[in-house]
Each structure stands twice: as C-alpha cells, then as structure tokens.
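In: sequence? don't have it. structure:
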C-alpha cells in the first residue's frame, strides 16, 4: 500500500514537472532548439564536408563550396554544427572550419583543436586514478591548479578499500615539473593531509582513527590527444599515529586526466 | 610659375628620397639578407582567435532507473545518476552513483522468521568512475522522416559498493545504446556487470551483480 502511494506521488511530481516545462520557455529552448549562435563564417577553402553526426563514423552527406555562408550553432568535441542559407544542418570538423573559413571581419572564428602546446600552457587539470595502497585497492580523484609552467597546487581525495580497513585520505600537495614542454613529462610532488581509518572488524568493536599524513612522490604525465593525458604516480605516505611508531605506506596509481 | 614650383617640389622629393635611401639602405639590406620577403601579401591581418563564438556541449548529465540483480538477494529497483564528459568523439569519462535495496535471500524466505541483515544494511549504494568508448555510431530511421543519431558504446571502470555494513572495491563493465532525440536530449539503455568480493554469506566470494537500466540525459 505504501509503495502504491509512493508511486502515485511520484507520478504526480512527474506530471507537474512536465506541465511546468512549457511555461519555462528557456528550458524548452535549451532542450529542443538547435542553439543558434550569432557567429557566421564564409567558406574560403574550395569546400568543407558535412556529416550527419559529430563523429567520423557518420556519413558525409553534403559539402559547402567556397563563398557560401555558414552559421555556427554548437560544438561537440571536435565537431561543429552548422546551418547554411537553405536551412540545412550538419556537422563540420573543427580543423576544416579553422583553416577553411573566416568571419565577415576576416577573423578566424574557430581555433584549431587543442594540442601539446595547450597541454604545456594548461591552467589546471582534473584526474581520476586507481591503483594499489599497500595491497589494497585505491581510487582517487584530484584537481589541480597550474599556476606557473612548472608549479601546480593539487587537492586529492582517495578511498582505500582493503579487506581489513577502509581509509579515506584528503591531501594538498605542491607539484613541480622540471620539463613542462615534454610530451612525457615527470614531476615531483610533496604535501600533507589527513587520513581517516575505519577498521573492519566483525568481532571486536574498533574505533575510527584520524591521523595527519605527509607524503612525497614522483609521477609522470603523458599527453595523448585533444584534452586528455595519462598519469602515473608513486607516493610514499607517512601516517603520524598516536602510537610509538609512525606508519609508512607506499601507493602507486594510474589514471586519466583532462586539462583546461 | 607652376612649372617652377613643380620643379622645386620634384627636387625636394628626389633629395629626400636620396637622403632616405642613404639612411635606410644599411638597415634594409640587413633586413633583406636576414629574411625573405613574403611572396604574397596576406589579404587579411591575422586576428586573435575567439573560441567563445560557439557554445560547446561536452558534458552530459543523466538520470538512471532500472533493475539491479544482487547475487543471493533477488532483484531490486535501482536509481541513480551519471555525469559524463566527452573527451573526444570516441572516448568519454563518466562518474556514476546508484542506489538500491536488497530483497530477502531465498533462505530468509524459506525459513520464515529469519533475517540475515538488519534493514539498514540492506541499502545497496555504489559509485564508480568509468571510461567509455563509442564503438558504433549510427543513425536510426523512423517512419515519417525522423532520423535520430545513435551510439553503441562500451564502458568499464571501478568504484566502491557499500552493502551489508561493508564497503568494497568494485569493478564494473558493460555496454550501452544511446539515441539522441535532439543534440541536447538523449535516452540510454545500459547493461552493466558489477563485481566485488565480500564475505557477507560467511566465506569470501565474488558477487556478480547485473544492472539493466534506462537513462535520460541532457547535454550542457
């Protein structure tokens, strides 16, 4: 009976939402319109090819000749949706628009795809990594701010899922990369944070511990393409405990990052 | 009178041209020897690139609902969310969350008044970080001239599952089919396998849980 009333309430909420949607024209426009932008470009290359979707797997169905005007609508990864004077719509490769079209005042409307130079000049990155923390599986998410070509500040949150305990780590670290221009570029990292350790025990009642940590580490970044790169890292953690000895833990991780 | 003025002006021009030539020649000659003059003068001045002329839609947020088969604990309704970033036309990264509630085991149902897990521990929650690859982009044609772009994709990743008072490292893999109704709105069907080791039922074993779900997603 409870489930049925819940379902009825849910249905009511969905109906209300659907009903209110047309009232919110902004939302509807965003969902259904093709997002017309003001940018118009003229084709300067002999022709540019159109595809039916934003990927190389979609077929070419049309081409715009030199001198035709195109309206730029939206971008998905390296594809830009365009509309011509006869209201046809299709997807054109970013590089084709970058080299083969100009705006009315002679500007390049779309820049080329991000490349290694953009990787070198990145302002920051977001990374997801997985690996091993002293025999237990570790999952991490990190965000960093590259404030010079060589130095970056990074926050990292990790979850370590062992069979005997679960550890959550939060760290702040400073990174230095001596060769920012290389495709495969090493870096050094050091910093500190906190570790929250909750042991898994079925028999004894155990208490959660919270300990400060410090770490040093060494890592590598490898630029792949577009906006993404691979990252590998080894860290040596020191966990400052209340007991007579501190704990030392080695962690290694591999991950995928996106830079901005 | 006019010719005299003109003659005088001509002399001034020639004299200044000579003066200019004497002053300018060494520099020019140096410049000439250093770099070749351009063969064709560009018609337009190079202008700074303005990236913001076009709105990019590489993020996708999805609401997910479906069934989760929890090994030994029956099949339950599940719901969740996913946030996707399309890093290229083929690859995407995805962060997902999911919730379900485990049913009774067959033992509990047969034995009657027995409960293996307290109600709180029946909550099944997970998160994961995945990498996806669009294997087959395509188009679906419907009567009435409707054409929708589609994608068949594979995903794999890892995360954690919180179930029965334990939090376990979980890997998942699966496949999905996406149909884009507009460029900003799409529907997905997913089948995913979630694997983790647990000793809930006494001995350590690998749980293989199957998720069959549908999702509605919006690009932004």
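Out: Cool, the structure landed. Fair warning: this is a prediction, and the values are worked out from it, not measured in the lab.

In: Can you tell me the SS state at the nearest residue to residue B:204 once chain neighbours are set aside?
Out: Distances taken as Cβ to Cβ, 6 or more residues apart in numbering or on different chains place residue B:197 nearest to residue B:204, at 5.9 Å, with adjacent residues excluded. All C-beta atoms are positioned from the backbone trio N, CA, C, and that covers glycine. Here residue B:197 takes the strand state, with states given by DSSP: H, G, I helix; E, B strand; the rest coil.

In: Now for residue 95: which residues touch it?
Out: With no chain named, the answer covers chain A. For residue A:95, the contact set (Cβ atoms under 8 Å, 6 or more residues apart in numbering or on different chains) comprises A:78, A:112-113.

In: sorry, should have said chain B
Out: For residue B:95, the residues meeting the contact criterion (Cβ under 8 Å, 6+ apart) are A:128, B:82-83, B:127-130.

In: Need those residues in a markdown table (columns: neighbour count).
Out: A markdown table is the format used below for the contacts of residue B:95 (neighbours: other Cβ atoms under 10 Å in any protein chain shown):
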| residue | neighbour count |
| --- | --- |
| A:128 | 22 |
| B:82 | 22 |
| B:83 | 14 |
| B:127 | 16 |
| B:128 | 24 |
| B:129 | 20 |
| B:130 | 23 |
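
In: Narrow these to those in strands?
Out: A:128, B:82-83, B:127-130 (DSSP state E).

In: So which of those residues is the closest to residue A:143?
Out: Using Cβ to Cβ, the shortest approach to residue A:143 within the ones in strands among the contacts of residue B:95 belongs to residue A:128, at 10.5 Å.

In: which residue sits closest to that closest one in space, ignoring its chain neighbours?
Out: When the adjacent residues along the chain are set aside, residue A:128 lies closest to residue B:129, with 4.6 Å between them (Cβ to Cβ, 6+ apart).

In: I'd like the distance between that neighbour and residue B:158.
Out: Between residue B:129 and residue B:158 the distance, using Cβ to Cβ, to the nearest Å, works out to 7 Å.

In: can you list residues touching both of these two?
Out: Counting by Cβ under 8 Å, 6+ apart, the contacts common to residue B:129 and residue B:158 are A:130, A:139.

In: Ramachandran coordinates for residue A:97?
Out: Recorded main-chain torsions at residue A:97 are phi -70, psi -30, according to degrees, to the nearest 10.

In: for residue B:177, same thing?
Out: Given degrees, to the nearest 10, the pair of backbone angles that residue B:177 has is phi -130, psi 130.

In: and the residue lying closest to it once chain neighbours are set aside, how far is that from residue B:66?
Out: Leaving aside its chain neighbours, residue B:177 sits nearest to residue B:189 (4.9 Å; criterion: Cβ to Cβ, 6+ apart). Remark: distance between residue B:189 and residue B:66 (Cβ to Cβ) = 9 Å.

In: which regions of the stretch 1-150 of chain A lie under the pLDDT threshold?
Out: Under the criterion of pLDDT under 70, the regions of the stretch 1-150 of chain A flagged as low confidence span A:1-38.

In: need the residues of it near chain B, please.
Out: For the stretch 1-150 of chain A, the contact set with chain B under Cβ under 8 Å from any Cβ of the partner chain comprises A:30-32, A:34-35, A:37-39, A:52-58, A:72-81, A:102-103, A:105-111, A:128, A:130, A:136-137, A:139, A:141.

In: Of these, select the buried ones using a PyMOL command.
Out: Selecting in PyMOL just the buried members of the residues of the stretch 1-150 of chain A next to chain B, where the criterion is 16 or more other Cβ atoms under 10 Å in any protein chain shown, is done with this command:
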select buried, chain A and resi 30+35+37+39+52+53+54+55+57+58+72+73+74+75+76+77+78+79+80+81+102+103+107+108+109+110+128+130+136+137+139+141
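
In: among the residues of the stretch 1-150 of chain A next to chain B, which are in strands?
Out: Residues of the residues of the stretch 1-150 of chain A next to chain B located in strands (DSSP E): A:72-76, A:79-81, A:102-103, A:128, A:130, A:136-137, A:139, A:141.

In: And the residues you listed, which is closest to residue B:151?
Out: The shortest separation between residue B:151 and any of those is 11.8 Å, and it belongs to residue A:76 (by Cβ to Cβ).

In: surely residue B:75 meets residue B:67?
Out: Yes: with contact taken as Cβ atoms under 8 Å, residue B:75 and residue B:67 are classed as touching, separated by 5.3 Å.

In: Show me the shaky parts of chain B.
Out: In the predicted model, chain B carries pLDDT under 70 at residues B:1-5, B:8-9, B:12, B:15-52.

In: can you map out the strands along it?
Out: Under the criterion DSSP E, chain B contains strands at B:55-56, B:59-69, B:75-86, B:91-101, B:123-142, B:146-163, B:166-180, B:185-198, B:205-219.

In: coming back round to it: export the ones in strands among the contacts of residue B:95 to JSON lines and tack on distance to residue B:57?
Out: Below are the ones in strands among the contacts of residue B:95 laid out as JSON lines (distance: Cβ to Cβ, whole Å):
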{"residue": "A:128", "distance to residue B:57": "21"}
{"residue": "B:82", "distance to residue B:57": "16"}
{"residue": "B:83", "distance to residue B:57": "14"}
{"residue": "B:127", "distance to residue B:57": "25"}
{"residue": "B:128", "distance to residue B:57": "24"}
{"residue": "B:129", "distance to residue B:57": "22"}
{"residue": "B:130", "distance to residue B:57": "20"}
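
In: ok, and what's touching stretch B:168-181?
Out: With contacts defined as Cβ under 8 Å, 6+ apart, stretch B:168-181 is touched by A:136-137, A:139, A:161, B:126, B:128, B:130, B:132, B:140, B:148-161, B:186-198, B:211, B:217.

In: Using neighbour counts, trim those residues to the buried set.
Out: Listed as buried from those are A:136-137, A:139, A:161, B:126, B:128, B:130, B:132, B:148-151, B:153, B:155, B:157-161, B:186, B:188, B:190, B:192, B:194-196, B:198, B:211, B:217; burial here means 16+ other Cβ under 10 Å.

In: out of the contacts of residue A:95, who's nearest residue A:46?
Out: The shortest distance between residue A:46 and any of these, using Cβ to Cβ, involves residue A:112 and amounts to 19.2 Å.

In: re the thing from before, look up how far residue B:120 lies from the residue nearest to residue B:177.
Out: 32 Å.

In: same deal with residue A:213?
Out: Counting by Cβ to Cβ, the gap from residue A:213 to residue B:120 is 31 Å.

In: Same question for residue B:161.
Out: Applying Cβ to Cβ, the value for residue B:161 to residue B:120 is 16 Å.

In: ditto for residue B:76
Out: Counting by Cβ to Cβ, the gap between residue B:76 and residue B:120 amounts to 15 Å.
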